[in-house]
Structure formats: structure tokens, C-alpha cells
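# pasting the sequence and the predicted model now:
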Amino acid sequence: GSATKATWEAHAIPFTASMTNVQIHIDNPDDHPGFSGPTGGPLVRLPASPFAAAENGDTVLVGPGTYTGAGSVVFNASGRDLAIGGIAGSELTIYDGENQRACAWVYGNGDKVVTFVGLTFRNGLGKTNIGGGLSSGGVSIYESGQAIVRQCRFDSNHAESDGGAMVVGEDSSVVIDSCVFIDNTSIRSGGAIYAVTSTVELIDSRFEKNRSADGGGIFCSNSDLSAIQVTMRRNESAGFNTGNGAIYVHSDSSSNFWDSVFDGNVAVDGGAVHAFSNSSVLFSNCVLTENIASDEGGGVWSQDASVAIGDSVLCENSPRQIYGGYQDLEGNIVSDQCGEADCNGDGIVDLVQILDGTLTDDDGDGVPDVCDPCLGDITRNGVVDAADLGILLAVWNTDGKSNPEADINSDGTVNAADLGILPGAWG
């Protein structure tokens, strides 16, 4: 009708040679009767027509506002190459399921990819057996679906079964970059993400206060998960299958974590990560601290799984930092107290501050630059003086193993090269 046309006018942006297809622009709905902007007023109900009109290669540019739909889902982006972006970013471009319907579906795309950029998905409800499979409250990517999700926020979505914010299932794949998942819940598994027989890649994203019975943040089964610069904080798991992990890696899954932080998560077994049933997990340059399990493995719980840990810090997890076997790739600090991993005594693990940029580590040795000793300070008393010279001369022309700091240039011999460093650092 005319009201719909006045509110939603899809029009083509002029075609250029650089475009594979035209773009579709959804106008800012500020002139809609009763709409009072993105921070208040009634929801704008989204008609299907703008998305139905989109063809392969199209881009839908969404103006600021809060949008919902009718039926089981706000919009269905299945079966097409499609990019959907919020012009004003995720804070002002919101898809709201009203706690009645899911936010978006991406089903059966084959070689087609749907890209979401700068959107918030909130208050979505994933009902069981909707859309041909599991339905997340946020975004469901299913039956060989492919998606890229960037600079998006998933907030307060819920699933009646699995995957409060996102389901990735049946040979599907997703890349998630610079996103936030907060306060999402599911009844069974995966408070934020549930992945089964699929691939998930996480980059620079944060998961906080998500909850489910198993895998408070993420549940993986027969899936590959890779995560770099990811923060898992205060996610909770308790109930369905005894409550396993902020991340539950299950049934032949492979999960690799680089430069990531697990902090303050709570579960029954495996406060941060629960690895089970022929799965493999790698931690490289990660921090696991203050995670709690009510049964075992405050940091990591491992059974019938392969866990490898290198250049990482596990401290003040309770009970035990690690329950079960693991491969030590060296460079780790595993301790009941975090003091050893906090060189400047500010109460925060150094590696956390290096990863978030609060402290610098220009030489890449895992020690903040503020804690690196002065070159030539053999006694580590903060000054280079006669005491350092005395130690150097005492182990002169040896390998310095009795006083390794005396081999200042680390060439394997205490000699004139080391002595030559002292005058420049004196005082």
C-alpha cells in the first residue's frame, strides 16, 4: 500500500563498472508515523519486499532505526549473495525479534555468501524445528550456508534449544570479525554460538555474560573453530549435560586459540574450556585466569582429548589450572597465583595488558617493556654499578651458567663484548 511505499522506498543507486550488480538502498524511516528515532518509540515493522527484491550481488544499505518483522523471522537472507550493512553502525541499526521471532536466516546458500556489517541483532527468539532445522534467536546459518559477520552486536537473544545468538550447522561456515556477543542464552548448548559439522572463524571479538546448560559461550560438535584475539568473560554453563565450559569442544572438533583471554567464566567442569570425545585444542599466547569450575578443571578440563598449550598463562583458576593431560609446548606460566605473571604488581596479568594494548612489549619476549631489566644490570637492583662489574669478572671467560645475567649479549661466553656494554649503561 501507499504507507509501505512511503516508509520503504527501494531504489537503485546508479550502476557503475565497478559493481557486479545494482545496490538497493533502504531509506531512513524517520518520516514513518509514530517513529521517534533509534533510541525510543515503537518498532518499525520490516516488510519482506526490500529483501525479496534483492538479487545476487546486491547490497542493502540500512538507515538508522529499530526494525522487526512478522512470523518466525525478521528477515530471510537465504539463497543469495547479499550484503546487508547499517549505514550508521550497530549502535543505531537494530534488528529486534521482540522476543517472538528470530532475527535472520541464512539457509542453503551453497557457494553464495551473505555478509552482515554494522548491525545489532537483539531480543531474538529461536524456536525449535523452525526453518527446516535448529533456529537461533539471532542468526541461523544452516544447510551449507555461508556468512561473514563484521562489526555486529548480538544482545539478549534466546534459543529454545541451541545457539542463543547464532547456529552454524550442516556443513556451513562463518567468519565473525570485530563482533560482540552479550547476554545471549539457550536452553541446551551454546549460549552464544552452537556449531555442528561446520567451520567458525573468530577474529577480535568479545563474548560476555552468555549462558547455557553446556558451552556457556560456544558449543562445538564435529566442527572446526579458530579464534584470534578473542575475549571470553563471565560466561556461565550449568545444567544440561552437567555444565561444561565457557567453550565446550566436543565430538571430533578442533579448536585453536591465539592471543585470547578467558577470564571469570563459570561451569561445572572446565570453567574456561571443556575438551572431550576425541577433540583437539591448542592455546598459543593465551591467558586463562579466575575461571571457576564447581567440580574440576577451573581453567581447562580434558578427557579423551588432545590439548596443547604454549606461551600462555593459566593462573588463579579454581579448582586446578588444568584437569587431565596436556602437551606443554613451553613458555607457559601455570600457577595457583598470578603474581609470577604480573611483573608490575598492578593486579592484572601482564599478557592480558599486552594483548589489549595497555602495556607495550616491543621486543616480543612476553614481558612488558616497563619490566624489562636495564641492560647490564646483572644484580637486577635497578642500577648498573660495581656490584655488576664484580659478578661479570668473577665468571670471566666462562659460559656464565652460574650467573646467566653476566652473559649480557647472550653469546654463550662472558668476555670483553659483555664488559664493553657496562660503561654505556653505568649508573
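Looks like it arrived, so ask away.
# so for P38, what's the pLDDT?
At P38, the pLDDT value in this model is 37.
# no no, F283
98.
# try G69
pLDDT, read off for G69, is 82.
# from A387, how far out is it?
75 Å (Cβ to Cβ, to the nearest Å). For the C-beta atoms, the positions are set from N, CA and C on the backbone; glycine is no exception.
# the two: which is more packed in?
G69 (24 against 13; other Cβ atoms under 10 Å).
# give me phi/psi at the more buried one?
The phi and psi values for G69, taken as degrees, to the nearest 10, are phi -140, psi -150.
# verify the stated contact: it with F75.
Yes. Applying Cβ atoms under 8 Å, one finds G69 in contact with F75, separated by 6.1 Å.
# report the buried residues of the host helix or strand of P423.
According to DSSP states H and E, P423 maps onto helix 422-425. For helix 422-425, a neighbour-count test (16 or more other Cβ atoms under 10 Å) marks L422 as buried.
# same thing with stretch 292-310?
Buried residues in stretch 292-310, defined by neighbour count with 16+ other Cβ under 10 Å: 292-293, 295-303, 305, 307, 309.
# cool, and stretch 361-379?
By neighbour count with 16+ other Cβ under 10 Å, stretch 361-379 contains the buried residues 361, 366-368, 376-378.
# and for D361, nearest residue in space, chain neighbours not counted?
Excluding the flanking residues, the one nearest D361 by Cβ to Cβ, 6 or more residues apart in numbering is I354, at 4.8 Å.
# next, the one you found: secondary structure please.
helix (DSSP: H, G, I helix; E, B strand; the rest coil).
# and for the one 10 residues further on?
When classified by three-state DSSP, G364 comes out as coil.
# if I look at it, how far off is N317?
Per Cβ to Cβ, G364 is found 26 Å from N317.
# G215 now?
Computed as Cβ to Cβ, the G215 to N317 distance reads 18 Å.
# and the two? Which one has more around it.
Counting neighbours by other Cβ under 10 Å for G215 and for N317 shows that G215 has the greater number, 37 against 28.
# what's the closest non-adjacent residue to the more buried one?
Leaving aside its chain neighbours, G215 sits nearest to Y248 (3.5 Å; criterion: Cβ to Cβ, 6+ apart).
# and for the one you found, the neighbour number?
34.
# who does it bridge with?
Going by DSSP bridges, Y248 is paired in beta bridges with F219, H274.
# try R206
Beta-bridge partners for R206, by DSSP bridges, are V180, T231.
# so for it, what's the pLDDT?
With respect to pLDDT, R206 scores 98.
# and the buried residues of stretch 292-310, which is closest to V196?
V196 has its nearest neighbour among the buried residues of stretch 292-310 in A305, at 17.5 Å by Cβ to Cβ.
# list the contacts of the closest one.
By Cβ atoms under 8 Å, 6 or more residues apart in numbering, the contact set of A305 is 249, 275-281, 324.
# out of the buried residues of stretch 292-310, which sit inside strands?
Among the buried residues of stretch 292-310, DSSP state E puts 292-293, 295-296, 300-303, 307, 309 in strands.
# is it true that R206 touches R234?
No. Look at R206 against R234 with Cβ under 8 Å: they stay out of range, at 10.8 Å.
# backbone dihedrals for the nearest residue to P373 once chain neighbours are set aside, please?
Take P373 and drop its neighbours on the chain: the residue closest to it by Cβ to Cβ, 6+ apart is R380, 5.6 Å away. Backbone torsions for R380, taken as degrees, to the nearest 10, come to phi 60, psi 40.
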